[in-house]
Structure formats: structure tokens, C-alpha cells
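Visitor: Mind looking at a prediction? Sequence and model below.
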Amino acid sequence: MVELSSFLSFVSDLHIARHVDIESVDQSKLSDGEKYQRSVEKARSLVRSFEATTQSLFDDGSALLMTTQSVRHLESCEIWRGRDESYDVLERITSSLKINLQVALQVLESLLYIGQEQTEILERDNKSPVEWRMSLLSLEDNNMADALRAMSNGSFEPPADEADLPKTAHQSIFSAGAQNGHSPVAPPPPIPADGKPVAYSTDLPWDVRDDDVLGLTTKAPRPSDSKIKAFFGTDAPQHYLETINADAKPWYLRPNYDSAEILLDPDGTVRGGTVPALVERLTAHEYADPKFIKAFLMTYKSFTNLDTLFTLLVERFWIQPPENLNAAQLGEWRKFKQYIIRTRVMNTVKSMVQDTDVLEKEDMYILDRMQDFVSRDEVISLPAAKSILDAIKRAQRGKKMTIKTSHQQPPPPPIVPKRIDLLDIDALELARQLTITESQLYLKIRPIECLHRSKQQKTDYNDNIAIFIRRSNRIANWVAYAVLCKEDSRRRASVMKHFINIADRCRSLQNFSTMLAIVSGLNSSPIRRLKRSWEQVSAKLMSQLETCETTINSYKNFNIYRSALAKVSPPCVPFIGVFLTALTHIQDGSKDSLPGHLVNFRKRQKASEVIQDLQQWQAQPHNFRGLPSVLAYIEDSLNQFGDKDVGDDFWELSLAREPREKEEEKLARLLHESGFF
Amino acid sequence: MSGITWHYVLKFIITGDAAVGKSSLLVRLTDQRFLTNPDPTLGVEFGSKLIEIPEEGKIVKLQCWDTAGTESFRSITRSYYRGAAGCLLVYDVTSRASFTNARSWLADVREHADPHLTCILVGNKVDLCEAEDGTSNGRREVSTAEGELWAKEDDLLFVEASAKSGVNVEIAFEQASRDILDKIKRGVFDDDRSPGVKLSKPANSNLNIDQGSTRPTCCS
């Protein structure tokens, strides 16, 4: 990790623009102009592939970091989700890293070579506009030569149309060029157009380092966009991701889809595309986009089906070289395109088999097709194939990759009740026992169920989400009935107080789901109207109840709850209604497809983000020791009404307990109760 | 304009079957941007809207509580009813089932909400009735007359609307607000006590109102 990060920061510090000229020069000034021009073009394309590779390195690096952290996290909590999976992910990222590092190395070597070539040309030519000075420092391992070519005199002259730009803008642009990891390699210092020496370039801070270049660029007084464009050509920094599609690459290394088939947002995320183009993106040779891959595999069923996806993946694997390539080009094509695409196809297949979220029970038939594919001679020879085949076989035997691990921390000792009766069970323990089941049911919710709900809305679902919701309603009914079944208002108040305490404990256990179910039971109209009972609940408890209510206030799209949840660390059982509402908004708020028969992928991306939010709370369940007697008591209590709508019955019961009374009746009762009569 | 001012804050609930387009109505009313870029985490003002009722010379702020996606959390959605001054009861004119179910939603509202609550029946998705071939009633399953009749019987306001085209959406909310303002004038609601209506303090202290307790005390 450390090596990788130092390599990356080293690469970021490389000032390629200073070593290699990738801008065309006035050829007439050079005797070897034509040759120079050729090398410039070559360098340019290399720099671009270098950019892409560096970008992939950053992507892979961050993915690696994330995974390593989650592995460590998993190890420390030892939870049910198998560590093996994460190690597989690590392995995958590492192999991708290796490939990208190799590519980066090759590109850098070629760049160095070209740089030297250019220097030779320039030095042979006395008319050379710049006196280049070069010192080659080191070239070892992954560390590239830190060639330093400082400018010795101020003979640079900005192109005419740039001459009036504010100097700060220049500086920021140049520093953008000087920094290679986060932003593209910018063109080198402007090449003289007329050879008139200008002193100001010596003022330029050429040693500008890893500053937040993009930030600088925005802060700097900005020349008009058109000027920036004129300066950078099509490669203005904010569009650097477009270089993936850029014309700069040799044509045979560009993506296959044309620009009408995919729509990218300015930040490089996919807005929409045809299914084949999206699959191409999924297995892109230019760079890997883990967020895209995750969203794609989570939501593909909403715009295509498994068979089509797999067929497209296989087609992608057998990608053919374009015609008319010479041997060298073919070699490059194999190395920089075919090999990477194949690796990515294999990785995708592996993800599909191994990630517990991708294939559902009814999808398992695809394993046979996968096995046929991976067993083919040309495929099985690839390094990853063997392990994929193993994974397929494991999946065929129906074995999940999940390994149940024990918690590192022992559960707190339970508070065993003397008698199994509502008021005799400690509020905290009751909250814990409720949380055990709630947490288990929450873990069962699958991404595909969320996706179904966002795809089509109907009321008669019978999935894990429905079971979860049913339980919530049953808890509310139980709470209401437990209050109503007491004839005496003091005893009703005791039950209310007990449930407020339980809701409060649920809140501190971060089981917001059960907390809300209890609160909505207490807030149901048959209970709310029991004024005589509520009067006997202390102000302190009332404010506890209010805190619980505020936590989950749905106003402004659950604003309060959202910000509270953002500060919570697991374990936690969130209120899934928020996710369901968000999914409904996404579904209702935008169309499935974009003009031109493109899949609206941004919609899927948003849905997958919501589902991932929901999933993040599944990684670490609550750890309490179950008390069978209490669990059985809860189950009995929850099952007493089934799913019948008991609203009317409760209302009647409520009226019977505390009949509506006029003011004078109330006065009479109060006097009576206080012993005046 | 020096800040946004309003005379009343009215809490609205939007209820009805799943898939009748509740959130689309709300989206259409409150935040057009949502349609092009739905982001559930942005739009914290999503759900509120200022409406002017010129003949009363009043500006009201609508606070809409959307139950979309959580319809089957009956116990929870019911707790949203508490303190609402207005209710949009939505069905889909191309789905008879949603119309039939609207009766049980109304019963639910009547039971759990303030008895003075103003309820407007909204037949949504009229855009689907203008069939491709130009003939009307394309996929309609509930006639306008039928909706009107039921609304009259149960003392509901009534409008047919389309969240998709925007037809009658704002009007639905305006009608309901007008009715509530009328009730306020007639003294049906007590400004201080009635939960779903909050009177703005005069002049410039409106922010306090908005941040003040959004939770009313008990009803019934």
C-alpha cells in the first residue's frame, strides 16, 4: 500500500510536460522538423494513455484502500460476511493494479525514450528555441527517471491570443500541466511562435507541486472558456475524462462504441447508454470504475436480463482486432486493449458468481453457461479462470461464500426477568430482545427486493421487506393493545411509561425501526385520546417520547433523521421507510430511458446508492444474547392479532376505557377522584 | 423581496394506494428540478410550497407529508395524519382498484386525523385518458361523474389532475387551502389550538414559526 501510494505521489510529481514535448512546434524552425513532429505526436498519444492508466491506478488504489479497511474492520468484528470474499476482491484489485502498473511503466519508459529523442533533435538544431538542460537522475524499479529539464532562459513566448491573459491564470494552467496524477498532462510551455523572447516565463513557478490544481484553476481569474479551449485544445482539465474517448489514442485503442451510444456527465459518470455500450463500459480497457460496476451489477435487471448480459460479456471477451493492423499495432492492441478487456470480463463473471448480491436463486441456471465459457481452452489458460471455475462449482453445489464468524466482543449479560410479564421485563432487556429479531429480519432484505419495489409499485408484496413492515405494524398493535387492555388508568399509564422507556432504549441501541414502531403505537389515535392516562405520565417521560418522535420526523424528507443517521456507527437498524420513499421518488421522478433508446443509467445509479445505504447497516448486526422465554413472549404478543386491521376494535375499546365527556362531567369526575364526593 | 413571508402554515398529508402517483403530485407541486435529477438526499425543502390565495389576501405555506413508498407501514403513516389540516386523497383514474381502496383510506383519515380536516379527492393520471388515437377515455376505469358523486356524498372536494402534465395540480392544493382558510374564518379552527394550522406572527419573525414545534398536541 505504502509503495503504491508513494509511487502514485511520485507520478503526480512527475512533470512530464517538462521532459517531453507534446505540442507541435513551428516546423520550419527545425531542420528535423518532420521527425520531431512525429515524435511529438507519439508522445502525445503516450501521455494520454498514461493519463488513463494513472487514473485507473488511482481508482484501483482507492478501491484497494477501501477493501483493506473493510477487511480490517471485518477481522476486528468477525462477522458473518465471509472474509474470503473481501480477500477475493483484494486479489482482483491487486491483479488490476499490477496490469495498470505495468502499463504505466511501459508508457513512462516510452515517454522517456521519446523525450531523449526530442532532446537530441533539439540539440542538433541550433535554432532550437529553447536551450534544454537535462539531467537524468535515476531509473530504478518502478521509480521513473526524474529527469529535470529546467528552463535556463526566458525565451518562451505565449501564443499571441494568450499574451493578454492574467498571469495568475497562466500559473494555474501551468501548474495543472505540471501535475500529472489528478489532472491530465497539460501541454508544455507555449512554444514560440515568432521567437521573440519574453521575460515573464522565468517568473513562473515551475516547481509548483501537488497543489490542489483544479481548485487553483477555478480560483484564478479565468479567461473565457473559449480561450482555455484554444489553449488546451479539446483537453481542458474539466473534461479530462473525455480523453478516454479522445481522438488522441491510436484509433485501434479507442473504445468501440460511438458517442451516440453513451452519455457521460461532466464528472465522468455515466448518464445513459445502450445496453451493449454499458457492458463495454463495464469491461472498459481504458480504466475501471468500481462505482459503475457496483451499480450496474446491482441494477442490470431493470434494463436487461441475465442472458443478454452474459451473452454480451462473452462477445466482449472474444473481441476481434480491427483489420489492417500491422504487427506492432496488433501487439499494442493485444496488450493495451484485448488483454485488459478479457481480464475485466473475467472479473465481472467472478463478481457475479461470488458477490452474494448479484445472482438470485432463480438465476443459478446461468452457472452452466458460465462453466462452459470458462472451460474453453483460450479462457481456462487465463490466470483467474481456475478460481472462477472453483467458485462456479461451489455455487452450483449451493454453497454460499458467507462464513459465520463470532463477534469479538461478548454480548452484554442479559437481565433475566423473574416473571414473564410485560412490566416485569426490564425495558432495556425488552429493547434488546426486540432488537435481536429486528436486526435478523433487516439482514434478510435483498437488493433485488428493493429494486423490485422501485421498479414497480404494488401493494401485495410478500418478500422480506413485507415481513419486516408487517412486524413493525404488529409491534404498534401490541403496544396499543397492551395499554388498552388495562382497565385502570393508572395501570394504562404504567404500560405507556414502560413502552416509552423501551422506545428510548431502542433509540440508544440505534434500533430506530423498533423505536418508531413503538412510538407509532403510542401515537395511534385510540391511545392518544386517553387523556386521563397520559396525565399520569411524567414530563420527563413525555420529553423522552418527544425526542423519539423528533428523531424520525418525516418533515422535509426526514431531514433530522438523515443527519442523525449520518453520525451513527454500526450496529444500527434504520427505519427502512426512508429508503423506500427515496426509491419511490427515484422511480417516479425520472424516466427509465433517455432519448435515443438509451438506458437512463443515472437513475439506476441513484437507486443503487440508496440500496447501498440500506446495505451498509447489514454488515454488522447487533450482538445480544437471546432469552428464549422473552423472545417467545414477544412472538406471542405480536401474533395475537395477526395482520388484521384492528383499528376499529381498538377505537371502540378506547372509548369504553375513557368515554368522551363534557367539561362538567370531567369536573365532576375530578372532584370525585380527589375525594370531594 | 425581503425574505419569504406567509400567513399560515398548513400541514397536508397525501394518501392513497401505492402507485397512484402521490409523490409525482408533490414533485410537480413543489420541486420541478426533481424531475430531471431525482436526488433523495438533496431538496430538504422538498415538500413545502407557498401558495397565494389572492381573494383572501393571504399567503399560506404548505407542508406536505408524503407517504409514498411506505403505504404498508399503516401504523406509521397513520401517525402522520395527526395534526394535518388538509388531505389529498389520491386515486388513479385508470385503476378501479385504487378508487375502491380510496374509501378505506378515507375511513383511515377520518378516524386518525383532525375531524375538521379538509379532504380533497384527486383523480390522478388523466393524461393517460387521452388515448393515442385522440379518442378520449383511453384507459379510464373511473369516470369523472363517479368521482364527483362520491366526493359529494362524503363531503369531499374533488378534482381530476395529472402530475405528468401538471394539469390541476396546483389547483387541487389551492382549493383545499381555500377551504381551510374559510374554516379558519368561520372559526372552525382555533388558530392557537387546532393542530394543522399555525398562524404566522406578524411582520418578520416568520422563521421562528417554521422552526417552532411542528408537532401539535393531541387531537380528539
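Guide: Looks like it came in fine. The structure presented is a predicted model; accordingly, all values stated were derived computationally and were not measured.
Visitor: all contacts plus neighbour counts: C-alpha atoms, from now on.
Guide: Noted.
Visitor: So which residues of chain B form helices?
Guide: Secondary structure of chain B (DSSP state H): helices at B:22-30, B:33-36, B:74-81, B:96-112, B:144-153, B:169-185, B:206-211.
Visitor: Quick check: which of those helices is nearest to residue A:452?
Guide: helix B:22-30 (17.7 Å; C-alpha to C-alpha).
Visitor: avg pLDDT for stretch A:317-328?
Guide: Confidence over stretch A:317-328 (mean pLDDT, whole number) is 87.
Visitor: my bad, should have said stretch A:430-439
Guide: Stretch A:430-439 shows a mean pLDDT of 96.
Visitor: residues making contact with that stretch?
Guide: Stretch A:430-439 is touched from outside by A:468, A:502-503, A:505-506, A:509, A:511, A:513-514, A:573, A:621-624, A:626-627, A:630-631, A:634, with contacts defined as C-alpha atoms under 8 Å, 6 or more residues apart in numbering or on different chains.
Visitor: Which of the residues in that stretch are classified as buried?
Guide: For stretch A:430-439, the neighbour count (16 or more other C-alpha atoms under 10 Å in any protein chain shown) marks A:430, A:431, A:432, A:433, A:434, A:435, A:436, A:437, A:438, A:439 as buried.
Visitor: ok, the closest residue to residue B:111 other than its chain neighbours - how many residues close by?
Guide: Among residues not flanking residue B:111 along the chain, residue A:525 sits closest, at 7.6 Å (C-alpha to C-alpha, 6 or more residues apart in numbering or on different chains). Residue A:525 has 25 neighbours, counted by other C-alpha atoms under 10 Å in any protein chain shown.
Visitor: I'd guessed residue A:525 sits against residue B:112; true?
Guide: Yes. Using C-alpha atoms under 8 Å, residue A:525 is in contact with residue B:112, at 5.5 Å.
Visitor: how far away is the residue nearest to residue B:111 from residue B:164?
Guide: 35 Å (C-alpha to C-alpha, to the nearest Å).
Visitor: Residue A:500 too?
Guide: 43 Å.
Visitor: And these two? Which one has more around it.
Guide: residue A:500 (25 against 18).
Visitor: correct me, but that one touches residue A:541?
Guide: Yes. Contact criterion C-alpha under 8 Å: residue A:500 and residue A:541 qualify, at 6.8 Å.
Visitor: worst-scoring helix or strand of chain B, pLDDT-wise?
Guide: The least trusted helix or strand in chain B, going by mean pLDDT, DSSP states H and E, turns out to be helix B:206-211, with a mean of 34.
Visitor: Spatially nearest residue to the most centrally placed residue in chain B, not counting backbone neighbours?
Guide: For chain B, the residue nearest the mean C-alpha position is residue B:88 (3.6 Å; C-alpha atoms, centre = their mean). Excluding its sequence neighbours, the residue lying closest to residue B:88 (C-alpha to C-alpha, 6+ apart) is residue B:14, at 4.7 Å.
Visitor: try residue B:66
Guide: Using C-alpha to C-alpha, 6+ apart, the nearest residue to residue B:66 is residue B:14, at 5.5 Å.
Visitor: List the contacts of that neighbour.
Guide: Contacts for residue B:14 (C-alpha under 8 Å, 6+ apart) come out as B:22, B:64, B:65, B:66, B:67, B:87, B:88, B:89, B:90.
Visitor: again, 10 Å this time
Guide: B:22-23, B:25-26, B:64-68, B:80-81, B:86-90, B:119-120, B:122 (C-alpha atoms under 10 Å, 6 or more residues apart in numbering or on different chains).
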